[in-house]
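Novice: Output the structure for:
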Amino acid sequence: DLYFDVDESKYSSSPVTHSPSLILSFGDVWFLNEYLKSTGLLECLKAVDGQFDTVVSLVMYYILNQLALVHAQDWYESSYVSYLYPKARMDSQRLSEQLSLIGSEESYRSFFKSYIGWMKNDQENIDNILVDSTGLPNSIHFPLTAVSNHNGKISNEIRLIYVTQEETGIPIYLRYVCGSIPDVLTIPATIKELKEMSVPIKEVLLDAGYYSEKNVIRLYTENVKFVCRVKENLRLFKELVSIHRKEIENQDNLVKFGKRLVFIKARAVNLAPNCPGYAYICLDLARRASESMNMLNHLDPDSGTSTELFEKLESEGFFILASSNELAIEEILPVY
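Specialist: Reported below is the predicted structural model:
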């Protein structure tokens, strides 16, 4: 063991100073901030109600993390964002107040007015859109939560409707509705809100949940072109499959789409009263095989064959796409 006897008196006139170095996470925040500035999206965030530094810090937190909001304060203090936006208040109480401001109708509309204006100035083509919805599971007791039956799945949820640019998937607009409202009822209000936001809709892609004669008539009235999948329980679907299922498997109707082989037959039909359009009857061979196998796995071994069973087997693998415009059978699947 070694012991050093040091005379500390000669150092007493020199004050002891500590210079701790603060290690901050830098690159991801710096890159995201530069991107938001260079694209002009940072200016759009100024339209959101609340304290600007807090709003931007929250946006960055949600983009860069998968953590719960309870960790936001720790992230902020250990990140370069605390130098970029030093006025941000990321403690739990302030964040609750900020989220309440962001969720207000005034803030919501103010942001989208600024954001859609930015998209137009940036020459983004927002004429062609895709509309779809998703369920947000939720058990909080407030008016937007409701019991929903979506494709046979029962849940408590809110429905969130997305409008995105068709080719790029860039979000244009969103709106939320009660979980109990079927998708088919939301299209008129969605179109109306888009028009109020000055979004010039020319073409729209829709999933089967939005197809109905009323919606078709509305789209024709608004001069909006569309492609939409037809629900299997609708009369149009059943009639077309019944008429064409025996003749569709023809070499002239065979289309290769990626690794899929699909028989497609186009027919001019009335999609709704006084709304002439086109129906594309499609038979997906891979889908037919999987659906037939699934049906056989659930077949009662003690039951016999019947006309109903035969017709159901013959209908496996079919789907129908409706279009307001005529397209070649090779084009309809890439478009949809």
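Novice: okay, and the helix or strand of this structure with the least pLDDT?
Specialist: In the chain, no helix or strand scores lower on mean pLDDT, DSSP states H and E than helix 307-315, which sits at a mean of 71.
Novice: Following element in sequence after it, please.
Specialist: strand 318-323 (DSSP states H and E).
Novice: Now do that next one, average pLDDT.
Specialist: Here strand 318-323 scores 95 as its mean pLDDT.
Novice: Identify all contacting residues around that strand.
Specialist: 211, 216, 226-230, 232, 236-237, 240-241, 245, 271, 277-284, 287-288, 332, 336 (C-beta atoms under 8 Å, 6 or more residues apart in numbering). The C-beta positions use only the backbone N, C-alpha and C, and glycine is treated the same way.
Novice: So which residue is dead centre in this structure?
Specialist: Tyr162 (4.7 Å; C-alpha atoms, centre = their mean).
Novice: which residues of the protein fall in strands?
Specialist: Counting by DSSP state E, the chain has strands at residues 128-137, 146-150, 153-165, 171-178, 203-206, 225-229, 254-257, 260-272, 275-284, 318-323.
Novice: In a markdown table: those strands, plus distance to Ser104.
Specialist: What follows is the strands of the chain, written out as a markdown table (distance: least, C-beta to C-beta, whole Å):
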| stretch | distance to Ser104 |
| --- | --- |
| strand 128-137 | 19 |
| strand 146-150 | 22 |
| strand 153-165 | 17 |
| strand 171-178 | 13 |
| strand 203-206 | 29 |
| strand 225-229 | 33 |
| strand 254-257 | 45 |
| strand 260-272 | 38 |
| strand 275-284 | 39 |
| strand 318-323 | 39 |
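Novice: Mean pLDDT lowest where, among the ones you listed?
Specialist: Across the strands of the chain, strand 146-150 has the smallest mean pLDDT, namely a mean of 83.
Novice: Report the inter-axis angle for that one versus strand 171-178.
Specialist: 120 degrees (axes from the mean of the first three to the mean of the last three C-alpha atoms, to 10 degrees).
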